[in-house]
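Asks: coordinates only, sequence not included:
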């Protein structure tokens, strides 16, 4: 028997640990990531690697500065996951410094300044993405059309090094707007939706991910598979993804029915951009989402609403990062007002009474 | 009649499904522990006021003789577990993590194990009035044997204040490892059923539900068989789901109704008693035997031979460990009770008491305790809480010292079941925070009460002093006046006299 201070039970514990949760999320990300890396070739692989290395170094440095044990906290995997998610949302052929800046912003400003793991108000990866998008709009919106590894269109190893590490040479040859971006531009020019959509990838292409976009957001089925894995492992629950995608679909359907020439159809909304990635991997971020079931439903619905509003009426073609961050800001408020009902109390917190029933029974 | 009946059960929120680890001891018959060399019988083995010792050093006592009488409305007497000589009444390490000394009677058994001859069985207990049964239960020192140790007679008296319909017998035994109730229901089913019927009679209720978790099919069978001839007894098959044994949640599962906050199950017409308590009631009435022994499970991977043991109250835990073949390996922790809500033990000299249902010698792997990490707000604890609380927020407020906020969040509605700590991936000792806060609040209340009392007394005293002074002053004035009047009179007399 040890002589440590006697701490209350339970003397029994489930096998859950923080590193295990992070590991499950990473496992769930693998299929979509591998697909993205394959589809966008060596530059994407370099970018991904730069992201991961940067966040690990930034995390280690911050932990050291704040006097926390570096080994234990680095091994929890949360920093790597942040870097991974950030990489998923970057244009695959973005230059190296975008990844470095993003990684530093995510870890240092997005997470460690708040006090490290569990303390941040906003999703660190989204803080970094939004900061980059506002600061470097050109680099952050230069999307490559798919050029799978080992295909003829794919740049070889050496020229890929050149693309990632020495700047955008001849990038124009490869780039094209994303579907949502193209539609936004065309609608802005007063061109009808049907015509605008004519030039974009088909819904089938969008669904399979054979389309331009951020590194890891293109393949809906693989992201969905990852999300289902997380649901199965109970790392996340269905409340946020379903309410977010449901709200997005519902709003898109209503407006599309009102005017098919002005509003994009709901399926395109779900399958393009970061909707699926956002719903299963970004909005469900444990630290920055509400803790109660009702809170999570409201949070998810809010995300879906904001995504639709931003995509449809705001200046940006894609709004998942903004939507999630805005809702992150509401999380404390949601948690304050939407608490579960306590056993033996009504929703107002007063003890429940059975006056009438007790008389009935007698 | 099968236990898997058509009774509609209701779902409870949250809860967990830990590995029940019951196979270690579930197949072991209950065996009697030989009488130990010394028994240490604490005067406080129940919730309420401690009993008052009636014996002195050197007294010879018989088995079942009253050693200490109950004091006050909520209390229970203590009896001699065997015959022997009183070695003294004094301080002995308590059955409590603190290991502080409590008043304890030490008895040296004479190994003759002679019953007190005046203890008589009641021939036809159902001919007694409910009050007489309740009194016998009180005299026998019976308390809730599931671990809560609330004096049972007090609960049987609830009929006077509540409109009761149902007696629920809690055979859930949802704590992992523990199998003593399981074994009792298998080996003593007839007696348990008889005790249950006596309690229902004392409560004046007709409907009886015996609820047993589905991981105890043999107990369900035995109890169903024993209850066959009584139409008013229903044996219910409960899902194995921790904390099903919490009476509030058991009642909710059976009726769909929640017990009002700060209330009792009696508020919804139900009284809950434990299986072992029912057996004690049977023994008290049908044999005249007070509560002097109980069945305990000794288990855990660090003990050589897990067992279910019938043991005299006051037996040092070290005797149980020796009887089970000592440790296989050095246990990481010794726990009294189950692993979820049991108490850690720091000293094996401490005695078995009425509420002891288990002694666990747990290994490091079984406890699976790891370094505490920061909370990642994963809300596992919120989903696991059967009371609808937000453990993560309560704990963070307690950590910051704002205990009042944690109370507003429902700290006092927490039943300390430990589900939140069990699932926490960051291994935060949530229950420890809650217990600390509850203890701190109680001690603050006590201090406040004391301060209030002191203030009241001081004020009363100064008021009294003031009143005395005032009275004195008035008396003085009175006297002065009288004197003045006298003088005046005298003067007038003198004048007229002249």
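Replies: Structure received. Model, not experiment: these values are computed from the prediction.
Asks: ranges for the strands of the stretch 1-150 of chain B?
Replies: B:30-32, B:39-42, B:52-53, B:60-61, B:66-69, B:78-79, B:84-93, B:101-109 (DSSP state E, counting those that start in this stretch).
Asks: Name the residues that touch the helix or strand hosting residue B:209?
Replies: Assigned by DSSP states H and E, residue B:209 belongs to strand B:207-213. With contact meaning Cβ atoms under 8 Å, 6 or more residues apart in numbering or on different chains, strand B:207-213 is reached by B:3, B:165-174, B:185, B:196-197, B:200, B:219-220, B:223, B:227, B:230, B:232-241, B:244, B:250, B:253-254. Every C-beta, even on glycine, is put in place using the N, C-alpha and C of the backbone.
Asks: Keep only the residues you listed that also lie close to chain A.
Replies: Residues shared between the contacts of strand B:207-213 and the neighbourhood of chain A are residue B:165 [Cβ under 8 Å from any Cβ of the partner chain].
Asks: Helices - which of the contacts of strand B:207-213 land there?
Replies: The members of these that map onto helices under DSSP state H are B:185, B:196-197, B:200, B:219-220, B:223, B:250, B:253-254.
Asks: Let's have these in CSV, adding pLDDT and neighbour count.
Replies: Converted to CSV, the ones in helices among the contacts of strand B:207-213 look like this (pLDDT from 0 to 100; neighbours: other Cβ atoms under 10 Å in any protein chain shown):
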residue, pLDDT, neighbour count
B:185, 95, 29
B:196, 95, 27
B:197, 94, 21
B:200, 94, 25
B:219, 94, 28
B:220, 94, 26
B:223, 94, 26
B:250, 94, 26
B:253, 94, 21
B:254, 93, 21
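Asks: Widest-spaced pair of those residues?
Replies: Distance extremes for those: the farthest pair is B:197 and B:253 at 23.0 Å, using Cβ to Cβ.
Asks: helices or strands next to the helix ranked longest in chain A in the packing?
Replies: In chain A, ranked by residue count with DSSP H as the criterion, the top helix is helix A:18-65. Counting contacts by 3 or more Cβ pairs under 8 Å, 6 or more residues apart in numbering or on different chains; DSSP states H and E, helix A:18-65 packs against helix A:70-74, helix A:78-88, helix A:96-104, helix A:157-166, helix A:220-232.
Asks: Go through those helices and pick out the most buried.
Replies: Most buried of the helices and strands packed on helix A:18-65, by mean neighbour count (mean count of other Cβ atoms under 10 Å in any protein chain shown): helix A:78-88, with a mean of 27.
Asks: Run the angle between it and helix A:18-65 for me.
Replies: Angle of helix A:78-88 versus helix A:18-65, following axes from the mean of the first three to the mean of the last three Cα atoms, to 10 degrees, is 100 degrees.
Asks: what residues does the stretch 251-362 of chain A put near chain B?
Replies: So the stretch 251-362 of chain A meets chain B at A:286-289, A:291-292, A:335, A:339-345, A:349, A:351-354, A:358, A:361-362 (Cβ under 8 Å from any Cβ).
Asks: Just the buried ones from those residues?
Replies: A:286-289, A:291-292, A:335, A:339-345, A:351-352, A:354 (16 or more other Cβ atoms under 10 Å in any protein chain shown).
Asks: In helices, which of these appear?
Replies: Using DSSP H, residue A:335 are the members of those that sit in helices.
Asks: Residue B:324 contacts residue B:302, doesn't it?
Replies: No - the pair residue B:324 / residue B:302 is not scored as a contact, 10.4 Å apart, by Cβ atoms under 8 Å.
Asks: Okay, the spatially most central residue of chain A and chain B: tell me how far apart.
Replies: When Cα atoms, centre = their mean is applied to chain A, the residue found nearest the centroid is residue A:282 (2.7 Å). Using Cβ to the nearest Cβ, to the nearest Å, residue A:282 is found at 15 Å from chain B.
Asks: and that residue, what does it touch?
Replies: Contacts of residue A:282 (Cβ under 8 Å, 6+ apart): A:85, A:123, A:125-126, A:274, A:320-321, A:324.
Asks: cool, and residue B:39?
Replies: Here residue B:39 is in contact with B:81-82, B:84, B:106-109, B:312-315, B:351 (Cβ under 8 Å, 6+ apart).
Asks: Could you report the separation of residue B:77 from chain A?
Replies: As for residue B:77, its distance to chain A is 30 Å (criterion: Cβ to the nearest Cβ).
Asks: In this structure that residue contacts residue B:66, no?
Replies: Yes - counting by Cβ under 8 Å, residue B:77 does reach residue B:66; the two are 5.9 Å apart.
Asks: Touching both of these two, which residues are there?
Replies: Joint contacts of residue B:77 and residue B:66 (Cβ under 8 Å, 6+ apart) are residue B:290.
Asks: If you count surrounding residues, which of these two has more?
Replies: residue B:77 (23 against 18; other Cβ atoms under 10 Å in any protein chain shown).
Asks: so what pLDDT did the more buried one get?
Replies: pLDDT, residue B:77: 94.
Asks: List just the nearest of the ones in helices among the contacts of strand B:207-213 to residue B:13.
Replies: Within these, the smallest distance to residue B:13 is 11.1 Å, found for residue B:253 (Cβ to Cβ).
Asks: Domain parsing of the chain, as residue ranges.
Replies: Using chain A here. With domains defined by automatic domain parsing, chain A comprises A:17-163, A:178-211+A:236-337.
Asks: ah, I was thinking of chain B
Replies: Chain B is divided into the following domains under automatic domain parsing: B:22-34+B:125-297, B:376-468.
Asks: between those domains, which one is nearest to residue B:357?
Replies: Across the domains of chain B, closest to residue B:357 is domain B:22-34+B:125-297 (Cβ to Cβ), at 5.6 Å.
Asks: which residue sits closest to residue B:105, ignoring its sequence neighbours?
Replies: For residue B:105, ignoring the flanking residues on the chain, the nearest one in space by Cβ to Cβ, 6 or more residues apart in numbering or on different chains is residue B:41 at 4.7 Å.
Asks: Same check on residue B:130?
Replies: Using Cβ to Cβ, 6+ apart, the closest residue to residue B:130 is residue B:202 (4.6 Å).
Asks: Same question for residue A:133.
Replies: In space, and not counting its chain neighbours, residue A:133 is closest to residue A:140: 4.7 Å by Cβ to Cβ, 6+ apart.
Asks: likewise residue B:40?
Replies: With Cβ to Cβ, 6+ apart, the residue lying closest to residue B:40 is residue B:351, at 4.3 Å.
Asks: and residue A:299, how far is that from residue B:389?
Replies: The spacing between residue A:299 and residue B:389, counted by Cβ to Cβ, to the nearest Å, is 20 Å.
Asks: Compare these two (neighbour count), which wins?
Replies: The residue with more neighbours, out of residue A:299 and residue B:389, is residue A:299; 28 against 25, by other Cβ under 10 Å.
Asks: Stretch A:128-141: end-to-end distance?
Replies: Start to finish, the residues bounding stretch A:128-141 are 15 Å apart (Cα to Cα, to the nearest Å).
Asks: All good on my end, thank you.
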